[in-house]
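> below is the sequence, then the predicted model.
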Amino acid sequence: MARIIAVCTSLNKGERKTNVGQGLMVTEHGLQGDAHAGPWHRQVSLLALESIDKMRALGLDVGPGDFAENLTTEGIELFTLPIGTRLQLGAGVLGEVTQIGKVCHDRCAIYYQAGDCIMPREGIFIRVLQGGPVKIGDPIAVLANDDFE
């Protein structure tokens, strides 16, 4: 079963995020208190622990939040989800995949340490269609079209 293993925020853009354990997703805004939240298509970022493990295999000491992701997940191959996929996070949060990966205009500290960074290829972004609380351990479900129409 896919689940959330970290809920991370930061006060400023361009820095690693801290695992705060739980948070409030705000409809059409993002994770309350996070620098990246706002009325745009990249309200919340997700990265799988399995992707982080690829960087650990290169010798890096990294973990949840180190790639500036809001939600670290486990048990779901995020980057294979098509844009428009709807995800249920926890009991009632509904998100829609809006972007797979991203262009890094400036190389981050991770890139300089390892010569690579996984977030541009395997991280995803969602917008929050229905807000609510999220926390470590919450399940993640990929919804079929008839689940939300």
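Okay, I see it.
> where does pLDDT dip in this structure?
Judged by pLDDT under 70, the chain has its weakly predicted residues at 102-117, 145-149.
> helices of that one, start to end?
Per DSSP state H, the chain has helices spanning 49-56, 109-114, 119-122. These are given in chain order.
> spatially speaking, which residue is in the middle of the protein?
The residue lying closest to the centre of the chain (CA atoms, centre = their mean) is L46, at 1.3 Å.
> that residue and G59, how far apart?
Applying CB to CB, to the nearest Å, the value for L46 to G59 is 24 Å. Any C-beta I mention is one placed from the backbone N, CA and C, and that applies to glycine too.
> what is the burial count for the residue lying closest to R56 once chain neighbours are set aside?
For R56, ignoring the flanking residues on the chain, the nearest one in space by CB to CB, 6 or more residues apart in numbering is V62 at 6.3 Å. V62: 19 surrounding residues under other CB atoms under 10 Å.
> spatially nearest residue to the residue nearest to the centre of the chain, not counting backbone neighbours?
Spatial nearest neighbour of L46, chain neighbours left out: L71 (4.6 Å); criterion: CB to CB, 6+ apart.
> beta partners of the one you found?
V7, L46 (DSSP bridges).
> that one: how many residues sit nearby?
Neighbour tally, L71, other CB under 10 Å: 30.
> mind listing what it touches?
L71 makes contacts with I4, A6, V7, C8, V44, S45, L46, L47, L89, V134, as judged by CB atoms under 8 Å, 6 or more residues apart in numbering.
> do A91 as well
By CB under 8 Å, 6+ apart, the residues touching A91 are G132, P133, D138.
> any chance you could map the strands in this protein?
Along the chain, counting by DSSP state E, strands occupy 3-9, 18-19, 22-26, 30-31, 44-48, 71-74, 86-89, 93-100, 124-130, 132-135, 140-143.
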